[in-house]
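Asks: mind folding the following:
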Amino acid sequence: KAAPKAPLVPLLISVQTMEILWVGFHFAGIEWTEVDEVVTSVANVHLAHMPWSHSILTTALVALAFGAIGLRIWKSWPIAGALAAGVVSHIALDLLLHAPDIQIAPGMSEVKYGLGFYGSAPAVAWLLELAYGLIIWRIVGGGKSLLVLIVLFNAAAFTSYMPFIGGESSETPMEFARFVAIQIAVTLPLVYLLTPKWMRGQTTFGASPA
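Replies: Next up is the predicted model:
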């Protein structure tokens, strides 16, 4: 709301940039995930090595880059700040939900951070994610279609957070990465399409907002 003219597409990209980098680094073998022999919930998926896509330092650098791009293209400090905040918001939420798997910087793996809800209380993590989506929807004043989308997407993920539902299954790290990639490719366009037009920003590339 501090940058009402910020264009929605760059904002949506900003909040998922670190995850997009994680997918790319995972496919390239630079970062990797470990899964238990039996996967019944997100508690059985361990993000073992992701120092580039999910470290605090790289997040800060990417946020600065987004801010610089926003300032360069739209000549607006509020838009630059919104894009930078979008990048930072991802790691902030991950620190709340992840197991301790986020390090300060590449090469500093001795100490990692994360409150651990995914591993210790996945049901609580699901509730927190749903609550976050609803709170943000309320703050920005989204329409009914966007509300339905938020609820449906979280409902679809319900079994992934509840180990007592759905029985046992096996999953490889690469299957998990592909799932995340598909999730990003599906959710971002749908969020854009179902966001009210007045929330999509008023600026154009190269134009200086009033």
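Asks: test my guess that S160 contacts V42.
Replies: Yes - using Cβ atoms under 8 Å, S160 is in contact with V42, at 5.7 Å. (Glycine included, C-beta is placed from N, CA and C.)
Asks: which residue of the two possesses the greater neighbour count?
Replies: Neighbours per residue (other Cβ atoms under 10 Å) separate S160 from V42, with V42 holding more: 22 against 18.
Asks: contacting residues for the more buried one?
Replies: Counting by Cβ atoms under 8 Å, 6 or more residues apart in numbering, V42 makes contact with 118-119, 122, 125, 160-161.
Asks: in the protein, which helix or strand is least confident?
Replies: helix 158-161 (a mean of 88; mean pLDDT, DSSP states H and E).
Asks: what residues does the host helix or strand of P78 touch?
Replies: For P78, the element it lies in under DSSP states H and E is helix 77-97. The contact list for helix 77-97 (Cβ under 8 Å, 6+ apart) reads 2-3, 5-7, 10-11, 14-19, 54, 56, 59-60, 62-64, 66-71, 74, 102, 113-115, 117-118, 125, 128-129, 132, 203, 209.
Asks: please identify the helix or strand for I150.
Replies: Going by DSSP H and E, I150 is in helix 144-156.
Asks: I'd like the mean pLDDT over that helix, please.
Replies: Averaged over helix 144-156, pLDDT sits at 94.
Asks: with stretch 5-23 instead?
Replies: Mean predicted confidence for stretch 5-23 is 95.
Asks: where along this protein do the strands fall?
Replies: Under the criterion DSSP state E, strands of the chain are mapped to 32-35, 45-49, 102-103, 112-113.
Asks: which stretches of the chain have low pLDDT?
Replies: Along the chain, segments meeting pLDDT under 70 span 164-170, 201-210.
Asks: list the buried residues of the least confident helix or strand of the chain.
Replies: Of the residues in helix 158-161, 160-161 count as buried by neighbour count, 16 or more other Cβ atoms under 10 Å.
Asks: output the contacting helices and strands for it.
Replies: Counting contacts by 3 or more Cβ pairs under 8 Å, 6 or more residues apart in numbering; DSSP states H and E, helix 158-161 is packed against helix 122-140.
Asks: what does the helix it packs on rub up against?
Replies: With Cβ under 8 Å, 6+ apart as the criterion, helix 122-140 contacts 1, 41-43, 93, 96-97, 117-118, 146-147, 150-151, 154, 157-158, 161-163, 199.
Asks: show me which of those are buried.
Replies: Buried subset of the contacts of helix 122-140 (neighbour count, 16+ other Cβ under 10 Å): 41-43, 96-97, 117-118, 146, 150, 154, 161, 163, 199.
Asks: noted, bye for now.
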